[in-house]
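Visitor: need a structure here:
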Amino acid sequence: MVLHPVTEEVEECMVSELIDPGLHCWRRDIIMESFQINDANAICKIPLSRRRATDSVVWLHTKTGVYSVRSGYHTARKVMTTKVWAESSSSAAGQQIWKVLWSLKVPSKLKVFGWRASHEILPTTVSLAKRKILDDDRCHCCKRFAETTIHAVWDCGVAQDIWAGSITPLQKWSTSYHNFRSLFESLMERLSKAELEFFLVQAWLIWNQRNAVIHSGQLMEPGWLNRRAEEFLAEYRKAQVVLTPSNGLSGSYVWRAPPSEEFKMNFDAAVFSDQHCSGFGAIIRNSQGEVMAAMSMGGATC
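Guide: Numbering: from 1, shown residues only. The predicted model follows:
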């Protein structure tokens, strides 16, 4: 593949014009004059067939080499998908979306959820049907429409019942979005950062409810999910507050953040004599002091 721009004359040039028919080798002098040096060297390294076979047109995307409308359609979709992925990572608009998403003060798993939803790689029934894993692509909750990402977390009637009781800016938001990314872009323009964080938490809970319906048939009451979103976000924000040890302890203890892109785990154990038991706890934080994971458990009885 030629990586550098060429002149119009070279664009119209046939490959056969670059080959010496008598010596059956590349016409190196013409190639060096017509192409950039790296492209020219790459062309000259391509081995030529010794069979002198007649040229023929071959479609690379079928086993037989024969073009079909079906293979053309799937190839076009693949090219467009690749283009969208490239634009989402490199374009100015794409960079802005990821900058906002990764800066939200929510657990990392929710940011990953938002990233996957924006790239349409959540395991929706539509996605699974395309992979021949499922035969039916209808939504598990409403049983009416094909379940895309935007349908599962926004358009579905079950999801809309939840959003209707959510924070005021989200209660009557439009449902005319083609995908999750376009919805997120619209929300970025009108919501505050705190409201955007709430949206991501609520969307994640709706997706989790969808999974619960599939695996256990359990459908939660919309009001409970709204309250849970508020509680979840409040609990996370409270956990982010860096607490310093009591001054009653001997010495001065100040938590120090680990280097960038590293994590620090702190742990401690205690014995409760009056209750005749012990306990253990651990917490993992990143270089900004954000809690990545935490746990506590009871120990042996005393």
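Visitor: could you pull out the helices for the stretch 51-200 of the chain?
Guide: Taking DSSP state H, counting those that start in this stretch, the helices of the stretch 51-200 of the chain run over residues 69-90, 92-103, 108-118, 125-130, 149-150, 157-163, 168-171, 180-190, 193-216.
Visitor: Kindly compare burial across the ones you listed and name the winner.
Guide: Of all the helices of the stretch 51-200 of the chain, helix 149-150 has the most neighbours on average by mean count of other Cβ atoms under 10 Å, namely a mean of 23. C-betas here are computed from N, CA, C, even on glycine.
Visitor: Report the mean confidence score over that one.
Guide: In this model, helix 149-150 has an average pLDDT of 94.
Visitor: List of residues touching that helix?
Guide: Residues from elsewhere that reach helix 149-150 (Cβ atoms under 8 Å, 6 or more residues apart in numbering): Ala117, Glu120, Leu122, Thr124, Tyr177, His178, Asn179, Phe180, Leu183.
Visitor: Quick one: low-confidence residue ranges for the stretch 201-302 of the chain.
Guide: When residues are selected by pLDDT under 70, those of the stretch 201-302 of the chain lie in 242-253, 302.
Visitor: And the helices in it, which stretches?
Guide: 222-239.
Visitor: now, which of the contacts of helix 149-150 sits nearest Tyr73?
Guide: Glu120 (18.2 Å; Cβ to Cβ).
Visitor: Quick check: chain neighbours aside, which residue is closest to that closest one?
Guide: Thr149 (5.6 Å; Cβ to Cβ, 6 or more residues apart in numbering).
Visitor: Please apply the same query to Ser278.
Guide: Gly299 (3.5 Å).
Visitor: can you pull the contacts of the one you found?
Guide: Contacts of Gly299 by Cβ under 8 Å, 6+ apart are Ala269, Cys277, Ser278, Gly279, Phe280.
Visitor: Selecting buried members of these in ChimeraX, what would you type?
Guide: Buried subset of those, written as a ChimeraX selection, criterion 16 or more other Cβ atoms under 10 Å:
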select :278
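Visitor: circling back to that earlier point, would you convert the helices of the stretch 51-200 of the chain into JSON lines that also reports distance to Val241?
Guide: Formatted as JSON lines, the helices of the stretch 51-200 of the chain follow (distance: least, Cβ to Cβ, whole Å):
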{"stretch": "helix 69-90", "distance to Val241": "34"}
{"stretch": "helix 92-103", "distance to Val241": "19"}
{"stretch": "helix 108-118", "distance to Val241": "18"}
{"stretch": "helix 125-130", "distance to Val241": "39"}
{"stretch": "helix 149-150", "distance to Val241": "34"}
{"stretch": "helix 157-163", "distance to Val241": "29"}
{"stretch": "helix 168-171", "distance to Val241": "26"}
{"stretch": "helix 180-190", "distance to Val241": "27"}
{"stretch": "helix 193-216", "distance to Val241": "16"}
